[in-house]
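Enquirer: following is a predicted model, sequence given first.
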Amino acid sequence: MFESITDKLQGVFTQLGRRGTVSESDLDEALREVRLALLEADVNFKVVKEFVKAIRERATGEEVLKSVTPVQQIIAIVNEELVRLLGGESATLARSSQPPTVILLVGLQGTGKTTTATKLAVRLRKQGDKPLLVAADVYRPAAIEQLQQLGAQVSVAVHAEGTTTPPATIVENGIKQARKLGASVVIVDTAGRLHVDEELMAEIADLKKRFKPAETLLVVDAMAGQDAVNSAQAFHEAAAVTGLILTKMDGDARGGAALSIRAVTGVPVKFLGTGEKTDALDVCHPDRLAARILGMGDVVTLVEKAKEQISESDAKSMRKRMQDGTFGLDDFQEQFRQLERMGPMSQILGMLPGMGALKGKIDLDELDDGMTGQIEAIISSMTPDERRRPDIINAGRRRRIARGSGTTIQDVNQLLNQYKEAKKIMKAVASGKTPELAIPAMRR
């Protein structure tokens, strides 16, 4: 989402870096480019004005401009101001003193509210909670059906009473059901509208008054630009929202809403929807998000995602095979499956520092669209012995594998070369060395 902003900011810093020393006029010129980059990304005008002003005030003066590394200090200031703009610290979910904790999800239609309810349930369950979903959108039968289907898909209980029971009664019965089931959290999927209106706000206000939820989380489509910011402001003024969830953060919008919404509403962004899968809901860490916007990557989140998919015993077993030299193509294939479970390949690689420099060399969309599928097809066309001992795969075997997988001999050769490179790197890592990172693009 922030690709355009990242590219332009990196361009600004590169230009400053070439000058060695930085004058006030150089700084002003750079900040003009920063201002334009943010405005083009649809960041709120007042937010941009205050952001640039804060950077200039901190960066101007002998201490920064006359230092040995002025550009690095300016980048550090921009990073700190981005973190401040995004809220400073990660916001945690409030909890009720007596379970179950009630969380109202509110928002307009089309923001992904029902899907987000399921994602939140999955995340809370991973943390040790027992969630219950409540279908309180009585105006859209499809929303109730969708929540029931998603709940069944992820094995989370759903309380629904159709479209004829009043929402307040559904929520009340849902809380009673939660107590019977021993559920610790009740997530209520409330009704949405195409626009903010009095009826919608009155219903939310009534639910808040009756059930005193620990959180009222507004689900906002990050791709909606300033419209998302405006609707968030209206919801907050009318319903005292306690937190925001930005969905579709994996989209190709300009990112202005994500950078504006915290500053305009004063409400913390608690979660980010980063994909379509039911586990694609991440805690919003302002420092990590700022680092990604500046092209510094997000290794901490990458490690967390890896830990979710790779158990300690699997990691030890893999390390032993690397050290013993028994790392085969089945292991290579499993690693790609683990990467796929962590999220889109473009998103995962985007968390690595310096990936911006590889743009043009790697087609990230191509990685997402078919890399794992092609690897699976080629390896599945091999015999068990070939997968264990790839060195025995001669020209005749390569032709047979290519025919069986619907690929070309060149594709098979490229996969085998990638396997050899990966084996070298992993053996070096297992032995404590740090080899140069190489990520060849998979040809389709």
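Expert: Great, that's in hand.
Enquirer: shaky segments in the stretch 201-350 of the chain?
Expert: Scanning the stretch 201-350 of the chain for pLDDT under 70 picks out the ranges 251-255, 295-315, 318-319, 322-325, 339-350.
Enquirer: which residue ranges of it form strands?
Expert: 215-221, 243-247, 269-273, 281-283 (DSSP state E, counting those that start in this stretch).
Enquirer: which residues are in contact with the shortest one?
Expert: Contact partners of strand 281-283, identified using C-beta atoms under 8 Å, 6 or more residues apart in numbering, comprise 90, 116, 119-120, 122-123, 245, 270-274, 301. To be clear about C-beta, it is placed using only N, CA and C from the backbone, and glycine gets the same treatment.
Enquirer: buried residues in it?
Expert: Neighbour counts over strand 281-283 (16 or more other C-beta atoms under 10 Å) mark 281, 282, 283 as buried.
Enquirer: and of these, the nearest to residue 327?
Expert: Nearest to residue 327 among the buried residues of strand 281-283, counting by C-beta to C-beta, is residue 282 at 30.7 Å.
Enquirer: how close does that closest one get to residue 289?
Expert: For residue 282, the distance to residue 289 (C-beta to C-beta, to the nearest Å) stands at 10 Å.
Enquirer: got any residues that touch both of those two?
Expert: Counting by C-beta under 8 Å, 6+ apart, the shared contacts of residue 282 and residue 289 are residue 272.
Enquirer: most distant residue from the centre of the chain?
Expert: In the chain, the residue that sits farthest from the middle, by C-alpha atoms, centre = their mean, is residue 396; the gap is 44.1 Å.
Enquirer: show me what counts as buried in the helix or strand where that residue lies.
Expert: Per DSSP states H and E: residue 396 is located in helix 395-405. By neighbour count with 16+ other C-beta under 10 Å, helix 395-405 contains the buried residues 397, 398, 400, 401, 402, 405.
Enquirer: how about the nearest residue to the third one, chain neighbours excluded?
Expert: Nearest-residue entry for residue 400: residue 381, 7.7 Å, with adjacent residues in sequence omitted and distances by C-beta to C-beta, 6 or more residues apart in numbering.
Enquirer: got the contact list for that neighbour?
Expert: For residue 381, the contacting residues are 400, 401, 404, 405, by C-beta under 8 Å, 6+ apart.
Enquirer: 10 Å instead?
Expert: Each residue near residue 381 by C-beta atoms under 10 Å, 6 or more residues apart in numbering is listed here: 397, 400, 401, 402, 403, 404, 405, 406, 407, 412.
Enquirer: need the pLDDT of the closest residue to the first one other than its chain neighbours.
Expert: The one in question is residue 397. Nearest residue to residue 397 in three dimensions, chain neighbours excluded: residue 386, at 6.6 Å (C-beta to C-beta, 6+ apart). As predicted, residue 386 sits at a pLDDT of 91.
Enquirer: kindly format the C-alpha coordinates of the helix or strand harbouring residue 386 as CSV.
Expert: For residue 386, the host element (DSSP H and E) is helix 384-388. The C-alpha coordinates for helix 384-388 follow below in CSV (Å, rounded to 0.1, in the frame of the first residue of the first chain):
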residue,chain,number,x,y,z
PRO,A,384,10.8,-40.4,-4.0
ASP,A,385,14.5,-41.3,-4.8
GLU,A,386,14.9,-38.2,-7.0
ARG,A,387,13.5,-36.0,-4.3
ARG,A,388,15.9,-37.5,-1.7
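Enquirer: what about the helices in the stretch 51-200 of the chain?
Expert: 62-65, 70-85, 113-126, 141-154, 167-181, 198-211 (DSSP state H, counting those that start in this stretch).
Enquirer: flag every buried residue along the second one.
Expert: Burial within helix 70-85, assessed by neighbour count using 16+ other C-beta under 10 Å, is assigned to 70-71, 73-75, 77-83, 85.
Enquirer: domain parsing for the chain?
Expert: 3-85, 101-296, 302-430 (automatic domain parsing).
Enquirer: center of this protein, which residue is that?
Expert: residue 274 (3.5 Å).
Enquirer: that one is in contact with residue 289, isn't it?
Expert: No - taking contacts as C-beta atoms under 10 Å, residue 274 lies outside contact range of residue 289: 11.1 Å.
Enquirer: re earlier: farthest-apart pair in the contacts of residue 381, please.
Expert: Farthest apart among those by C-beta to C-beta are 397 and 406. That separation is 16.3 Å.
Enquirer: perfect, that will be all.
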